[in-house]
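Novice: got a structure for you, letters missing:
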C-alpha cells in the first residue's frame, strides 16, 4: 500500500493545479467578454432595425401569464372572429407575394364614401399586386364589407375587431343599461362607470378609436399567421388617406435608406406630420416626429411600443396617436424621428373627425367631391438615395406632461385594452366574463 501512495498524491495535486488554471483562465475570459459587452453598450448607437433575441424582453412589468378575462361574446362577434382566421382572398390571381414585400394595413370604421376613394387610389399604386393588403374593421357594416370583398388588385385579408363596442348594443364594451351617462354621480344615480379626469363618463363610439387601433396592432404583429413572423416594416393607413401611385415604391426606398441615412429613426412616413402639408418639394430627406398618415415601422419598434402597454392603456386620452406622442414615445428616452421625402405620397382628405362621414348627406369630402391633384411627380418614385437628411427638431405637438383630452377614464376600458396586449402572450382564456 505504501508503494502506491506517493503517485496518487502527485496525481491529485496535478489535478488540483489544472483545475485552478482552468478556473483562472475561464474567469479571465469572462471578464474580457463582459468588458467588451459593456463597451459596446456604452458606445453603440441604437438602431430601429436591430432585432432582440427575446421578442418581449422587459414585458414583465405586468404578468404575461395572466388569464384573459374578456367580455362575453355575441354570436356576431364569434362569427367575425372565425372570419379572421380565413386565408387571404385573390390567391388564385396572386399566388405568391414578392420577396421582402411590405404589407399594408388599412383600418376602417363605417365611411363607405371614404373607403371607395382609398380603394380606387390603392388600385393605381405601382407595385400593389406584389404585397398583402390587410383591412381591419372596427365593427361590422355590410357596405364596408362588400367594398373590401370587391378588391381584385392584390391579396386581401380581412379582420374584424371582435370586441368592438359597435358589436355590443346592450353590454360592455358597448352601452350597458346600468352605465353612467354624461357627468352622472355613480353614488347618487347608482350607475356603473369611472369618469375621466374632466368628470365625463365613457362614450362607446369614442373609446372604440383607441380600442380598435390597439387590438389591430397586437393582432397584426402577433396574432395573424400572415404577418406574425415578419421582422420587417408594415405600413399603416386609414380610410381617409388618399394613396398616390408612387407610394409603395417610395416606401420601399425609405425602408432601404433608413438604416443608412437615419439609423436613429424609428419609422418612415409617406406624408409630413402636418396633415395639411403636401411636403416641401425639395431635394432632401426629412427626419421629423412620427406622423399618423402612412406610417411604417418594424417589429423591433413594435416590441418597444408593446412594452409600454400599461402606460398606453391607462392614459386618459381617447386618441391612440396623442396617447403615443404623450406617453409611449417619451418613454423611449430620445426623440422619435421618422424618415420621409419632401413630396407626400399619401394625403389626408377627411374633414370629419371620429366616426362621422358615413351618411349620404354628411360625406365631408369637399361637399361630396374629392379634388386631389395627382401630378406627374406623384406617379413615379421621387426619392434619391444621395440626398442629405434634414432633422426637424423641437416641433409643436403633444408630448410628455400633456394630461390628455380625457374620454378614457373607465376602468373597464383600461383593463380591456390591457387584455388586448396579453391576447397572444397569455395562458388560454378562462370563462368569458360579462361586464354588462
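Specialist: On my side now, so go ahead. Keep in mind it's a predicted model, so treat the numbers as computed, not measured. Numbers count the residues shown, from 1 in each chain.

Novice: Show the backbone phi and psi for residue 306.
Specialist: Backbone torsions of residue 306, given as degrees, to the nearest 10, read phi -60, psi -30.

Novice: Reduced to three states, what does the nearest residue to residue 131 once chain neighbours are set aside come out as?
Specialist: Leaving aside its chain neighbours, residue 131 sits nearest to residue 101 (4.2 Å; criterion: C-beta to C-beta, 6 or more residues apart in numbering). Just so you know, the C-beta spots here come from the backbone N, C-alpha and C atoms, and that holds for glycine as well. At residue 101 the chain is in coil, as set by DSSP: H, G, I helix; E, B strand; the rest coil.

Novice: what about residue 101, how many neighbours?
Specialist: The tally of other residues near residue 101 (other C-beta atoms under 10 Å) stands at 18.

Novice: and what of the one 5 residues further on?
Specialist: Summarising burial for residue 106: neighbours were counted as other C-beta under 10 Å, giving 22.

Novice: any idea how far it lies from residue 157?
Specialist: Distance of residue 106 to residue 157, computed by C-beta to C-beta, to the nearest Å: 11 Å.

Novice: list residues touching both of those two?
Specialist: Residues touching both residue 106 and residue 157 (C-beta atoms under 8 Å, 6 or more residues apart in numbering) are 133-135.

Novice: Let me have the residues you listed in JSON lines, adding neighbour count, distance to residue 260 and pLDDT as columns.
Specialist: Output for the shared contacts of residue 106 and residue 157, formatted as JSON lines (neighbours: other C-beta atoms under 10 Å; distance: C-beta to C-beta, whole Å; pLDDT from 0 to 100):
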{"residue": "133", "neighbour count": "24", "distance to residue 260": "28", "pLDDT": "98"}
{"residue": "134", "neighbour count": "24", "distance to residue 260": "28", "pLDDT": "98"}
{"residue": "135", "neighbour count": "24", "distance to residue 260": "33", "pLDDT": "98"}
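
Novice: Now do the strands in the stretch 251-400 of the chain.
Specialist: Under the criterion DSSP state E, counting those that start in this stretch, strands of the stretch 251-400 of the chain are mapped to 267-269, 285-289, 295-297, 337-340, 346-348, 389-391.

Novice: Out of those, which is closest to residue 235?
Specialist: If you check each of those against residue 235 by C-beta to C-beta, strand 295-297 wins as the nearest, at 4.2 Å.

Novice: which residues in this structure form helices?
Specialist: Taking DSSP state H as the test, the helices found in the chain are 2-43, 75-83, 112-123, 142-149, 186-189, 204-222, 247-261, 299-307, 309-314, 320-323, 411-422.

Novice: To residue 385, which of those lies closest?
Specialist: helix 247-261 (5.9 Å).

Novice: angle of the closest one against strand 285-289?
Specialist: Going by axes from the mean of the first three to the mean of the last three C-alpha atoms, to 10 degrees, helix 247-261 is angled at 80 degrees with respect to strand 285-289.

Novice: one step back: filter the shared contacts of residue 106 and residue 157 down to the ones in strands?
Specialist: Among these, the residues falling in strands (DSSP state E) are 133-135.

Novice: Out of those residues, which is nearest to residue 294?
Specialist: Set against residue 294, the nearest of those by C-beta to C-beta is residue 133 (13.8 Å).

Novice: My guess is that closest one contacts residue 152. True?
Specialist: No: under the criterion of C-beta atoms under 8 Å, residue 133 is not in contact with residue 152, lying 11.2 Å apart.

Novice: quick one, phi/psi of residue 384?
Specialist: Here residue 384 shows phi and psi, under degrees, to the nearest 10, equal to phi -110, psi 130.

Novice: quick revisit: compare the helices of the chain and say which comes out lowest on pLDDT.
Specialist: Note on these: helix 2-43 shows the lowest mean pLDDT, a mean of 51.

Novice: Could you give me the buried positions within stretch 264-275?
Specialist: For stretch 264-275, burial by neighbour count (16 or more other C-beta atoms under 10 Å) applies to 264-273, 275.

Novice: make that stretch 250-258, sorry
Specialist: Residues of stretch 250-258 classed as buried by neighbour count (16+ other C-beta under 10 Å): 250-255, 257-258.

Novice: quick one: which two of the residues you listed are the most distant?
Specialist: So, the buried residues of stretch 250-258 by C-beta to C-beta: farthest apart are 250 and 258, at 12.4 Å.

Novice: returning to that earlier point: which one of the shared contacts of residue 106 and residue 157 is nearest to residue 377?
Specialist: Nearest to residue 377 among the shared contacts of residue 106 and residue 157 is residue 133, at 24.8 Å by C-beta to C-beta.
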